[in-house]
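S.K.: what follows is a predicted protein model with its sequence.
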Amino acid sequence: MARLYGALFTLSLIWGTSFLFIKLLVEPLGAWGVVFGRCLFGTVILLLIIVLRKDWKGLKGLPFGIIVLVSLLNNALPWYLIALSETKITSSYASLINATTPIWTLIIGFLFFQNKLRLLQWLGIALGFFGIIILSGVDITSIKDQSIVGLFTMVGATLCYGYSTHLTKKYLSTVSVTMISFSTLIVSALISFIMVLLTDRTIFTMILEPSIFGALVGLGVFGSGIAYLLYYYCIQKGSPEFASLVTYLVPISAMVWGAVILKEEIHFSMITGFILILAGVYVSSKKPKENRIQISKTA
């Protein structure tokens, strides 16, 4: 159990810096350029790990359709939406909205995977929605507000994450963590490569610039390659809900990095909204007393 929580904590530190790197990269590379660079560098590091371990077991017989769907919903599409959102809002703000992922995971499990929700979980969902409203910090009636656009694109990313965690748990629980990470990153790299070709090919020459290359190493090697080994480990050894709890800790490190490196301001509405979201996530993920006793006996 200590190893599982250690993986979750390390993952939160890595993903906390990812919002910073995305903010630095989205202007020169564009949203799809960020996704492609992230997938490319992540794929390279995972390929090196597989070659060194000689761990090709499980590559054959992968459920191709599910791999493509998970690649789209857990990598390509949400990473594009996150990068797009950070053209409208700060990296700190984006990380706070990302904290609603566990709530969306519960809702999606209820709607599409026959999961039952308790009263406390519904209460947690309500608290989370109040947090989102406060977090927006703008006039809700003004849809044209840039912050609202950024908020909606970030919420779209969290919806993708929520659905993909259930798909991974249901269909890929017997596939090795390394193979899930490697195969989904390759597919995502191909998807984003095609999108870059269709939008802006100039980013291919920009990737080798020192500042951009360094940020891509941080985002791709750590934020995608190594992080996704930890992420799928948390899903397989824990649960989709447990893995999504990484969003408890990510906003804290993201806000610190954003304030120190990017000089982003931290507003009262952000803190208030974040507290409500965390309260919602805590309440919605709280296990019944009998379940906690059963878990402690089997641990």
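M.R.: Great, that's in hand. Numbers count the residues shown, from 1 in each chain.
S.K.: sticking with residue 281, tell me its helix or strand.
M.R.: Element membership for residue 281, per DSSP states H and E: helix 268-285.
S.K.: show me what counts as buried in that helix.
M.R.: Judged by neighbour count (16 or more other CB atoms under 10 Å), helix 268-285 contains these buried residues: 270, 273-274, 276-281, 283-285. (Each C-beta comes from the backbone N, C-alpha and C, glycine too.)
S.K.: could you do stretch 199-208 as well?
M.R.: If you call a residue buried by 16+ other CB under 10 Å, then stretch 199-208 has these buried ones: 203, 206-207.
S.K.: just stretch 184-200 next, same as before
M.R.: Taking 16+ other CB under 10 Å as the basis for neighbour counts, the residues of stretch 184-200 that come out buried are 184-193, 195-196.
S.K.: with respect to residue 22, which of those residues is nearest?
M.R.: For residue 22, the nearest member of the buried residues of stretch 184-200 is residue 192. The distance, counting by CB to CB, is 13.7 Å.
S.K.: the closest one: what's it in contact with?
M.R.: Taking CB atoms under 8 Å, 6 or more residues apart in numbering as the criterion, residue 192 is in contact with 32, 35-36, 39, 76, 80.
S.K.: check residue 15 too.
M.R.: For residue 15, the contacting residues are 223, 227, 246, 250, 254, by CB under 8 Å, 6+ apart.
S.K.: residues contacting the third one?
M.R.: Yep, that's residue 246 we're talking about. Residues near residue 246 by CB under 8 Å, 6+ apart: 8, 11-12, 15, 231, 234.
S.K.: turn the residues you listed into TSV, columns for distance to residue 50.
M.R.: As requested, these are arranged in TSV below (distance: CB to CB, whole Å):
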residue	distance to residue 50
8	24
11	20
12	25
15	22
231	17
234	20
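S.K.: name the SS class of the closest residue to residue 191 other than its chain neighbours, please.
M.R.: For residue 191, the nearest residue in space outside its immediate sequence neighbours is residue 76; the separation is 4.6 Å by CB to CB, 6 or more residues apart in numbering. Assigned with DSSP: H, G, I helix; E, B strand; the rest coil, residue 76 falls in the helix class.
S.K.: again, but for residue 116
M.R.: Residue 116 falls in the coil class when you classify it by three-state DSSP.
S.K.: excluding its backbone neighbours, what's nearest it?
M.R.: Spatial nearest neighbour of residue 116, chain neighbours left out: residue 110 (7.3 Å); criterion: CB to CB, 6+ apart.
S.K.: hmm, the one you found is touching residue 118, no?
M.R.: No: the pair residue 110 and residue 118 does not pass the contact test of CB atoms under 8 Å, sitting 10.7 Å apart.
S.K.: quick revisit: for the contacts of residue 15, which one is nearest residue 101?
M.R.: When those are compared for distance to residue 101 (CB to CB), residue 246 wins out at 8.2 Å.
S.K.: gap between that closest one and residue 21?
M.R.: Residue 246 sits 17 Å away from residue 21, taking CB to CB, to the nearest Å as the criterion.
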